[in-house]
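>>> Just the structure for this:
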Amino acid sequence: MRESLVLDRLEVTMASLRTGLAEPAVPPVQAALRILDRELSAMTGWLTGQDDPAGAARAIRRFGDLIRATPSLRAYQSNMMDQFVSVATEILAARAGMLAGDPEPQIAARALLGLWHVQAESLRKHLDRAPERVHELVAADVRRAAWLIESGLGSFAARG
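Residues are numbered from 1 along each chain as shown. Have a look, this model is predicted:
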């Protein structure tokens, strides 16, 4: 599938989700934050290493615009997000001794995966700043969003 060539990083995220969420000693929100921070660090590290960080930021913005403007890429990205939710739901259900069809692991997975959307939107918002500042601002936005879901997911994890 051609879309997977353009959005190949999604496969890396899937593998990270499988590994990170399966660690029983790490709360789900913390696991998601670790994965997101690694992804953000890779992005801002790449930006920092460019001869023209502003030009590289424009290229990232154009890439995001391409995805939003191309129905097949949007559909592929949406399908991958559905797969992420399914994987996260299975893992979270198993951790809590529940079934994947139970509402709690379903909503917990959707909440966690919502953090990726927050990171993408925050990156778009702050992309014109210096790369180290981008990392700081985006990470702060993601942590703010995580804080909102952490207490709810904490009570879910306690049920297991």
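>>> only C-alpha atoms for contact and neighbour calcs from this point on.
Noted.
>>> Let's verify Gly101: helix, strand, or coil?
Of the three states, Gly101 takes coil under DSSP: H, G, I helix; E, B strand; the rest coil.
>>> Count the residues that sit near it.
In terms of burial, Gly101 registers 11 neighbours under the definition other CA atoms under 10 Å.
>>> Tell me the predicted confidence for it.
With respect to pLDDT, Gly101 scores 96.
>>> Please identify the buried residues of the helix or strand where Asn79 lies?
According to DSSP states H and E, Asn79 maps onto helix 71-96. Buried positions in helix 71-96, judged by neighbour count with 16 or more other CA atoms under 10 Å: 73, 76-77, 80-81, 84-93, 95-96.
>>> in the protein, which ranges drop under the pLDDT threshold?
1-9, 153-160 (pLDDT under 70).
>>> Go again with 90.
For the chain, residues meeting the criterion pLDDT under 90 lie at 1-15, 60, 63-64, 66-68, 72-74, 76-77, 79-80, 130-132, 148, 150-160.
>>> The residue nearest the centre of it: what's its closest spatial neighbour, skipping adjacent residues?
Central residue of the chain (CA atoms, centre = their mean): Trp116, 2.9 Å from the mean position. For Trp116, ignoring the flanking residues on the chain, the nearest one in space by CA to CA, 6 or more residues apart in numbering is Leu36 at 7.1 Å.
>>> Following the chain onward from the helix or strand encompassing the one you found, which element is next?
Assigned by DSSP H and E, Leu36 falls within helix 28-48. Downstream of helix 28-48, the first helix or strand assigned by DSSP H and E is helix 53-69.
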